[in-house]
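Engineer: Okay, sequence plus prediction incoming.
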Amino acid sequence: MQQEIIKKNRDWIWLSVILMAGICLRAAAIAGFSHIPESDELSYQSMAVNLLAGNGILENGNRAFYNAGYPMFILAPVYYIFGETLFAARIANVLLGAVSIVFCYFVAREAGAGRIGRLLAAAIWALYLPTGIYGVYLAKENLMVPLMLGVMWCALRLIKNPSVKIAAVCGLLFGLLAMIGNAALSLGAVIVLSLIIAPASAKQRLTALGGVIAVALLVASPWMLRNLYVIGAPVMNTNGGFNLYLGNNPAATGFFVSIADTPRGSTWHELRRTAGELGATETLKKEAVAWIKENPTEFISLALKKGAYFWMPPFHEGKGGNTSSAESVVRLAWALQFVLLIVAAIAGLLLPRLRNRQSLILWLAIAAYTAVHMLFYVIFRYREPIMPVLGILAALAIESFWIAKRNRRV
């Protein structure tokens, strides 16, 4: 018993060291990476500022185009307390990153990792270079990561015991994620599988699933009712049809394409003016679906390309193609980290020890999250929320190889 207590204390000591290393990486990125908010960041900032000014969630005339969760739950409170400062918002991102590091430890533990595996899972996410850079951005992915890790923890817990309490926590997380990033709702497949393979009665499984859905709807319903009142439909956002069209039209490439470069480019602003926010996105959705029906082979081919692009190693250059020697070194190190994680995670599939229910849940999360982006389009930033799951799989594999090697020596 005393040895077990000592081991747990050592775990917390090492986890604290890892946590500090992760915080230092993120702080160094804030200090050394000069970045001015652009694109989505400006929209989130505008939404938070308008909310505090009493105008409600508003951005460039849109009432619900972007997901409201990140500006509502992070930027608005930070700006209210500290004023409209980028530094304060970035410190909030650092804190979210710190929470994610700790969550990696607990998810790995639920996945069956030993001491080495769970500490390594935390260390991977602490030192994965993009986590520092993305902390500088006012991006919803900073908030998606800890919440998605929370869902994974719930899924792994539900395998063992589909309790109402865990289901309620899971529902809370899904409700929040619905307001932050719709792609994360793909993890619903993970919860369903967890309940299917859980050693429980059909009644227990259905009760747990009902609990997840009920709490998620309870959390998300105020925002849905707000949108019903403001724009005329109980939706989470109005960019679904827009994004579906960008990924499925004659000019689609698999990556993000500006609406100006699509067949709708010349008429988009007029459509937006006449049909309104909701009508415009519904029109684009219908056009995207029509293109898919008319071009099924091209749609499937494009979807497969998107899946490949989603997991393409980051060998690309920065914007404009002009990168400093320091940035080139960082990008090379990032690419090396990424490739090593992919190789380690895939190598784990060869180990009988890791062919279990927990690993199946982790791999399903990666597959489901990838599949969602195969329907739309790929931006490398969108990959970040699922990377900690890949890191956990890599940590489990490395630990297993280490144990096997140690046993051979004995």
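Structural biologist: Sure, I can see it.
Engineer: Tell me where the model's unsure across the chain.
Structural biologist: For the chain, the stretches flagged by pLDDT under 70 are 1-9, 316-324, 409-410.
Engineer: so what secondary structure elements neighbour the helix or strand where residue 217 lies?
Structural biologist: Under the criterion of DSSP states H and E, residue 217 resides in helix 202-230. Using 3 or more C-beta pairs under 8 Å, 6 or more residues apart in numbering; DSSP states H and E, the elements in contact with helix 202-230 are helix 164-180, helix 188-197. Where C-beta positions appear, they are placed from N, C-alpha and C, glycine not excepted.
Engineer: looking at those, which is buried most?
Structural biologist: Of all the helices and strands packed on helix 202-230, helix 164-180 carries the top mean neighbour count, a mean of 22, counting by mean count of other C-beta atoms under 10 Å.
Engineer: other SSEs contacting that one?
Structural biologist: With contacts defined as 3+ C-beta pairs under 8 Å, 6+ apart, the packing partners of helix 164-180 are helix 69-70, helix 141-160, helix 202-230.
Engineer: starting at the chain centroid, how far to the helix or strand where residue 397 lies?
Structural biologist: Secondary structure from DSSP H and E places residue 397 in helix 387-409. Remark: helix 387-409 is offset 24 Å from the chain centroid, using C-alpha atoms, centre = their mean, to the nearest Å.
Engineer: mind listing what's buried in it?
Structural biologist: 387-401 (16 or more other C-beta atoms under 10 Å).
Engineer: before we move on, back to that, include distance to residue 249 when you put the helices and strands packed on helix 202-230 into TSV, please.
Structural biologist: Below are the helices and strands packed on helix 202-230 laid out as TSV (distance: least, C-beta to C-beta, whole Å):
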stretch	distance to residue 249
helix 164-180	26
helix 188-197	27
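Engineer: Out of these, flag the one nearest residue 213.
Structural biologist: Closest approach to residue 213 among the helices and strands packed on helix 202-230 (C-beta to C-beta): helix 164-180, 6.8 Å.
Engineer: How far away from the center of its chain is that closest one?
Structural biologist: Distance of helix 164-180 from the chain centroid (C-alpha atoms, centre = their mean) equals 15 Å.
Engineer: Name the residues that touch that helix?
Structural biologist: Residues outside helix 164-180 that contact it (C-beta atoms under 8 Å, 6 or more residues apart in numbering) are 67-70, 72-73, 140, 143-144, 147-148, 150-151, 154-155, 157-158, 184-185, 187-188, 191, 207-220, 223, 236.
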